[in-house]
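**Q** I would like to see how this sequence folds:
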Amino acid sequence: PRYGVIAFNTTRLVRYDATNPWHQTEMEIKGLAQVRDTARYALKYLPGFEKAYLSQVATQVGVRESRRIVCDYKVTQDDLLSCREFEDSLARGCYPIDIHNPTGSGTTIIHLEEGKSYCIPYRSMTVKGFDNLLMGCRAIWGTHEAHSAYRVQPIVMCIGHAAGVAAAAAHSGKTCIRGIDIASEIGRAHV
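**A** Predicted structure coming up:
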């Protein structure tokens with residue numbers, strides 16, 4: 001953000017359950033130790049960092065993946081890489097498959113073809129067994145591989161916006177979320 005300021009995104013915590021508060025605490029402690037070690041390394045070995053100092057640390061550990069809710073459709077890697085279109089698409093993205101190995105080191109990145117994008121269907125947001133419950137977040141139903149792509153902020157903002165539009169349409173139409181005409185409601189929301 002300012003001249004002379006550099007952001008590092010280098011820590012890595014694996015084999016933890018993000019839904020376990022004891023694991024969360026251990027991740028915070030180990031994550032801060034990794035930040036300290038990275039700062040010490042930079043001061044000692046990286047040219048230009050001789051007078052550097054740590055100015056800010058995230059307020060909490062960022063977790064890439066934890067729970068996902070079972071919905072009416074499970075988004076897959078094949079859906080994304082084939083740029084599958086859905087009749088009930090509510091969001092679109094082009095972020096690559098970006099799998100940070102949850103059990104160790106290594107990252108797998110698979111890019112889409114230049115200029116291509118994939119869709120997120122409404123059915124991946126409608127919670128199975130409920131008439132009036134939508135997931136307007138990254139917890140929509142998808143495989144580990146698909147989640148690694150659609151979990152990013154721009155796509156999740158589109159998912160959240162779509163969920164809000166759908167909920168408003170259901171409310172104004174006095175119907176449940178499964179009773180709205182997705183194509184016409186979303187089209188009308190973007191006019």
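**Q** D131 against A170, yeah?
**A** No. With contacts counted by CB atoms under 8 Å, D131 stays clear of A170, the gap being 9.5 Å. Yep, even glycine has a C-beta here, placed from its N, CA and C like the rest.
**Q** looking at these two, which is more packed in?
**A** A170 (19 against 12; other CB atoms under 10 Å).
**Q** how close does the more buried one sit to K128?
**A** 17 Å (CB to CB, to the nearest Å).
**Q** quick check: closest non-adjacent residue to I180.
**A** A169 (4.7 Å; CB to CB, 6 or more residues apart in numbering).
**Q** centroid-nearest residue for the protein?
**A** R151 (1.5 Å; CA atoms, centre = their mean).
**Q** residues in contact with it?
**A** By CB atoms under 8 Å, 6 or more residues apart in numbering, the residues touching R151 are R64, E65, R138.
**Q** count of residues packed around the first one?
**A** Pointing back at R64 there. 13.
**Q** after the helix or strand containing S148, which helix or strand is next?
**A** According to DSSP states H and E, S148 maps onto helix 144-150. The helix or strand immediately downstream of helix 144-150 is helix 153-172, counting by DSSP H and E.
**Q** got any residues that touch both of D131 and A170?
**A** C176, I177.
**Q** circling back to that earlier point, so how far is A52 from the residue nearest to the centre of the chain?
**A** For R151, the distance to A52 - CB to CB - is 31 Å.
**Q** give me the below-cutoff pLDDT ranges for the protein.
**A** The chain contains residues with pLDDT under 70 at 1, 185-191.
**Q** quick one: the helices in it, in order.
**A** Assigned by DSSP state H, the helices in the chain fall at 21-45, 77-81, 144-150, 153-172, 182-189.
**Q** what's in contact with the shortest one?
**A** Read that as helix 77-81. Contacts for helix 77-81 (CB under 8 Å, 6+ apart): R84, G93, I97, I110, L112, Y118, C119, T143, E145, A146, A149, Y150.
**Q** again with stretch 168-182
**A** Against stretch 168-182 from outside (CB under 8 Å, 6+ apart): 87-88, 90, 122, 126, 131-134, 166-167, 185, 189.
**Q** before we move on, back to that, just give me the neighbour total for the residue nearest to I180.
**A** 20.
**Q** equivalent analysis for the one 10 residues further on, please.
**A** For G179, the tally of surrounding residues (other CB under 10 Å) stands at 12.
**Q** go on, I29?
**A** 11.
**Q** run through who's touching the helix holding S148.
**A** 64-65, 68, 75-77, 79-80, 91, 93, 95-100, 102, 118, 120, 138, 140, 142, 155-156, 159.
**Q** can you do 7 Å?
**A** 65, 68, 75-77, 79-80, 93, 95-99, 120, 138, 142 (CB atoms under 7 Å, 6 or more residues apart in numbering).
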